[in-house]
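In: My questions are about this predicted structure, shown below with the sequence.
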Amino acid sequence: MRTERLGIVLTPREKSAILMLAELEGGLSQSGLVRRLVRQAATARGVWSSPDKEQTKEQEGEQVHV
């Protein structure tokens, strides 16, 4: 899996919310929380496939868009 950096600028209130949410999610890192929130939002909007669906598409020779 290839990874890419994403720099973001947050207000103090947003940063505080990230810290509190990460703690509420069992002590996730801030990056882990942001990745989880992105996946959840993308899944809810139908633009993120589950890993099982991606693997099936790859096995069938289809191109997978993430």
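Out: Thanks, I have it.
In: So for the protein, the centremost residue is which one?
Out: The residue lying closest to the centre of the chain (CA atoms, centre = their mean) is Arg35, at 2.8 Å.
In: so where is this structure shaky, pLDDT-wise?
Out: Along the chain, segments meeting pLDDT under 70 span 52-66.
In: how about 50 then?
Out: Low-confidence segments of the chain, defined by pLDDT under 50: 66.
In: re earlier: mind checking which helix or strand the residue nearest to the centre of the chain is in?
Out: helix 30-44 (DSSP states H and E).
In: Would you mind pulling the contact partners of that helix?
Out: When contacts are defined by CB atoms under 8 Å, 6 or more residues apart in numbering, helix 30-44 is touched by residues Ile8, Ile18, Leu19, Leu21, Ala22, Glu25, Leu28, Trp48, Ser50. Bear in mind the C-beta positions are built from the backbone N, C-alpha and C, glycine included.
In: if I pick the third one, what's in contact with it?
Out: In this structure, Leu19 makes contact with Gln30, judged by CB under 8 Å, 6+ apart.
In: Likewise for the fourth one?
Out: By CB under 8 Å, 6+ apart, the contact set of Leu21 is Leu33.
In: secondary structure class for it?
Out: Three-state assignment for Leu21 (DSSP: H, G, I helix; E, B strand; the rest coil): helix.
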